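Engineer: Okay, predicted coordinates and the sequence, questions at the end:
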Amino acid sequence: MKSDEFYTALEEAIGAEKGSMRTGVPLADIPLWDSMAKVEVMAMVDEKLRIILSASDLQGCKTTDDLYQLVATKLS
């Protein structure tokens, strides 16, 4: 999955405004980033890529780049 596809899917998963997710955005700065958003991201990644992410996987992510790299690493 290319990064632009990932960020679009991330926007859809958490209900963020189109174009708001991009590289380098701190997750703490995203008003919609809460425990439910994490569940939605885990479900989106499972549905689109057949990758299982755990809450502990997401715990280490501090930025949108971290999320993308986590998924890219799991795809490898």
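Structural biologist: That came in fine, so what should we check first?

Engineer: any idea where the helices of the chain begin and end?
Structural biologist: Secondary structure of the chain, counting by DSSP state H: helices at 3-14, 35-49, 55-59, 64-75.

Engineer: closest one to Val25 among those helices?
Structural biologist: helix 64-75 (4.5 Å; Cβ to Cβ). (Glycine included, C-beta is placed from N, CA and C.)

Engineer: just checking, what packs against that closest one?
Structural biologist: helix 3-14, helix 35-49, helix 55-59 (3 or more Cβ pairs under 8 Å, 6 or more residues apart in numbering; DSSP states H and E).

Engineer: Select, out of those, the one closest to Leu75.
Structural biologist: Smallest distance to Leu75 across the helices and strands packed on helix 64-75 (Cβ to Cβ): 6.7 Å, for helix 35-49.

Engineer: Any chance you could list what contacts the closest one?
Structural biologist: Residues external to helix 35-49 that are found in contact with it (Cβ atoms under 8 Å, 6 or more residues apart in numbering): 1, 9-10, 12-14, 30, 51-55, 58, 67, 71, 74-75.

Engineer: before we move on, back to that, Throw the helices and strands packed on helix 64-75 into JSON lines and include mean neighbour count, mean pLDDT and distance to Arg22, thanks.
Structural biologist: Listed next are those as JSON lines, based on neighbours: other Cβ atoms under 10 Å; pLDDT from 0 to 100; distance: least, Cβ to Cβ, whole Å:
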{"stretch": "helix 3-14", "mean neighbour count": "17", "mean pLDDT": "94", "distance to Arg22": "6"}
{"stretch": "helix 35-49", "mean neighbour count": "16", "mean pLDDT": "95", "distance to Arg22": "16"}
{"stretch": "helix 55-59", "mean neighbour count": "13", "mean pLDDT": "94", "distance to Arg22": "19"}
